[in-house]
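Chemist: Build me a structure from this.
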Amino acid sequence: METEAIFWICLMLVAYSYLFYPVCIWLPTRWFARDHRPPEVALPPPKVALLIAAHNEAQTIEAKIRNSLALDYPPERLEIVIVSDGSSDATVKIAQRFADPRVRVLDYQQRRGKSAALNAAVAQTDSEILVLTDANTDFKTNAVRNLVRWFAAAEVNVVCGRLILTDPKGAENVDSLYWRYETFLKKCEGRLDALLGANGAIYAIRREVYVPIPDNTIIDDFVIPLLSKLRHGGRIVYDLEAVAREETPPTIGSEFWRRARIGTGAYQSLAILWPILSPRYGFTAFAFFSHKVLRWVAPFLVLGMLASNVCLMNHMLYQILFAGQISGLALAAIGAYVPGRSRHAKALRGLTMLAGMNVALFVGFWRWLFGRQTGVWQRTARSVDLKVARSQ
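Modeler: Got it, this is the predicted structure:
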């Protein structure tokens, strides 16, 4: 009886996190959603520092700076800060070619990690609003203006923009499909003032509420907004009209190691952010437990489900359920090798991605437990890297 209870508890928690939670977070928006219209913009607009963290981004940094210079924001109120964390390629030289007074290059030659670089960069700017982004992200022209308009409301401290992931031509990864699912959750959580962190590709924060994070922080875009909420309160807003675009990693393998790193950072972040689980944080606590904590323990729930299922094989029902689990795992393994972009191929690769996410979390847990991951990040492989490799 206890073994059966373990099986069904594990199954229901996994099903709740992935399938039922979206319904549970959507329903309250019907009754408790906050007014989600930006306030009237005060003049003059606040001074903005666009912080672009970069490590060996010679392939993308020029395009990123040009994209930033084309933003629809008063030039005298915008500074574009390239934050180089120990780049050993031409990233700094390329950035320094720009004569525009808005462009400033902070060349930190000792590589300490993104979090340490951001802490140092924030200390060197007096701009009222910090907009954080990545070197491989393209902003729509009005993205910064849309982010910044929310800060006319004194209770808003962080604004997360909308990232649209695009698949490079011929890519294996189907993360953009999963991202649409995550975007739906962000939209619902944002309407309930329960947004969990931001997206490192596009978000803004008041400089006065920025809390320096530990140098070894791995998922800075998750910790910075929530740590600010813990220390200063205020709202974290999700703006669907502040849009940026970014390519998904071109291969499932590169995406796996990116997610393993994020998994390590997720377990690491609990040491700082666990107070958010307190009921006094309302919908934020509910979302944090359902959307994050349960996801992070899902690999262990799946293992518990499989192990308890093995112990129940003398019942026909559990034989069928076990066969279903093994078949699902087999299809996920096959999906990693299925070529093409047909509907069936994409469905299989979607199953591969879901299984891979949980395996990556499992790997991330052990890296966190044994201290195998530091705050020094590695660039995720991109389609431009594949093109360069093929041309050599």
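Chemist: Spatially central residue for the chain, please.
Modeler: residue 199 (4.6 Å; C-alpha atoms, centre = their mean).
Chemist: Check which helix or strand the residue lying closest to that residue once chain neighbours are set aside maps to.
Modeler: Closest residue to residue 199 apart from its sequence neighbours, by C-beta to C-beta, 6 or more residues apart in numbering: residue 163 at 5.0 Å. Heads up, the C-betas are built off the backbone N, CA and C, glycines and all. In the assignment (DSSP states H and E), residue 163 maps to strand 156-166.
Chemist: Which of the helices or strands spans the spatially most distant residue from the centre of the chain?
Modeler: Here the chain reaches farthest from its C-alpha mean at residue 314, the gap being 43.3 Å by C-alpha atoms, centre = their mean. Under the criterion DSSP H and E, no helix or strand holds residue 314.
Chemist: and what of the one 10 residues further on?
Modeler: Element membership of residue 324, judged by DSSP H and E, is helix 316-335.
Chemist: Do me a favour and average the pLDDT over that helix.
Modeler: For helix 316-335, the per-residue pLDDT values average out at 89.
Chemist: One more: stretch 240-249?
Modeler: Mean predicted confidence for stretch 240-249 is 87.
Chemist: Sketch out the low-pLDDT regions of this protein for me.
Modeler: 1, 42, 167-177, 249-253, 340-341, 372-392 (pLDDT under 70).
Chemist: how about the strands of it, start to end?
Modeler: Using DSSP state E, the strands of the chain run over 48-54, 78-85, 103-108, 129-134, 138-139, 156-166, 202-206, 235-247.
Chemist: Same list, the ones you listed, but as a markdown table with distance to residue 336 please.
Modeler: Shown next, in a markdown table, are those (distance: least, C-beta to C-beta, whole Å):
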| stretch | distance to residue 336 |
| --- | --- |
| strand 48-54 | 31 |
| strand 78-85 | 32 |
| strand 103-108 | 38 |
| strand 129-134 | 27 |
| strand 138-139 | 29 |
| strand 156-166 | 20 |
| strand 202-206 | 30 |
| strand 235-247 | 20 |
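Chemist: Of the ones you listed, which is nearest residue 342?
Modeler: With C-beta to C-beta as the criterion, residue 342 lies closest to strand 156-166 of the strands of the chain, at 19.3 Å.
Chemist: which helices and strands sit right next to the closest one?
Modeler: helix 143-149, helix 175-191, strand 202-206, helix 220-232, strand 235-247 (3 or more C-beta pairs under 8 Å, 6 or more residues apart in numbering; DSSP states H and E).
Chemist: what do you get if the cut-off is 10 Å, keeping everything else the same?
Modeler: Applying 3 or more C-beta pairs under 10 Å, 6 or more residues apart in numbering; DSSP states H and E, we find strand 156-166 packed against strand 129-134, strand 138-139, helix 143-149, helix 175-191, strand 202-206, helix 220-232, strand 235-247.
Chemist: Please tell me how far the third one is from the chain's geometric centre.
Modeler: Taking C-alpha atoms, centre = their mean, to the nearest Å, one finds helix 143-149 lying 20 Å from the centre of the chain it belongs to.
Chemist: circling back to that earlier point, from what I can see the residue nearest to residue 199 touches residue 179, true?
Modeler: Yes: with contact defined as C-beta atoms under 10 Å, residue 163 reaches residue 179; the gap is 7.5 Å.
Chemist: burial measure for the closest residue to residue 287 other than its chain neighbours, as a count.
Modeler: In space, and not counting its chain neighbours, residue 287 is closest to residue 194: 4.2 Å by C-beta to C-beta, 6+ apart. Counted with other C-beta atoms under 10 Å, the neighbours of residue 194 add up to 24.
Chemist: Repeat that for residue 369.
Modeler: As a measure of burial, residue 369 has 10 neighbours, counting by other C-beta under 10 Å.
Chemist: thought residue 307 was touching residue 313?
Modeler: No: the criterion here is C-beta under 10 Å, and residue 307 misses it with residue 313 at 11.6 Å.
Chemist: about what we covered before: which strands and helices lie in contact with the helix holding residue 324?
Modeler: Looks like helix 316-335 contacts helix 2-15, helix 294-310, helix 343-369 (3+ C-beta pairs under 10 Å, 6+ apart).
Chemist: now those as TSV including distance to residue 128?
Modeler: Below are these laid out as TSV (distance: least, C-beta to C-beta, whole Å):
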stretch	distance to residue 128
helix 2-15	43
helix 294-310	35
helix 343-369	35
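Chemist: returning to what we had before: tell me which of the helices and strands packed on strand 156-166 lies nearest to residue 7.
Modeler: helix 175-191 (26.2 Å).
Chemist: export that closest one as PDB, just CAs?
Modeler: Provided in PDB are the C-alpha atoms of helix 175-191 (Å, rounded to 0.1, in the frame of the first residue of the first chain):
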ATOM      1  CA  ASP A 175      12.800  24.800 -27.600                       C
ATOM      2  CA  SER A 176      10.800  27.600 -29.100                       C
ATOM      3  CA  LEU A 177       7.700  25.400 -28.700                       C
ATOM      4  CA  TYR A 178       8.400  24.900 -25.100                       C
ATOM      5  CA  TRP A 179       9.100  28.600 -24.700                       C
ATOM      6  CA  ARG A 180       5.600  29.500 -26.000                       C
ATOM      7  CA  TYR A 181       4.300  27.300 -23.100                       C
ATOM      8  CA  GLU A 182       6.600  29.100 -20.700                       C
ATOM      9  CA  THR A 183       5.500  32.500 -22.100                       C
ATOM     10  CA  PHE A 184       1.900  31.600 -21.300                       C
ATOM     11  CA  LEU A 185       2.800  30.900 -17.700                       C
ATOM     12  CA  LYS A 186       4.800  34.100 -17.400                       C
ATOM     13  CA  LYS A 187       1.800  36.100 -18.800                       C
ATOM     14  CA  CYS A 188      -0.500  34.500 -16.200                       C
ATOM     15  CA  GLU A 189       2.000  35.000 -13.300                       C
ATOM     16  CA  GLY A 190       2.600  38.600 -14.300                       C
ATOM     17  CA  ARG A 191      -1.100  39.400 -14.200                       C
END
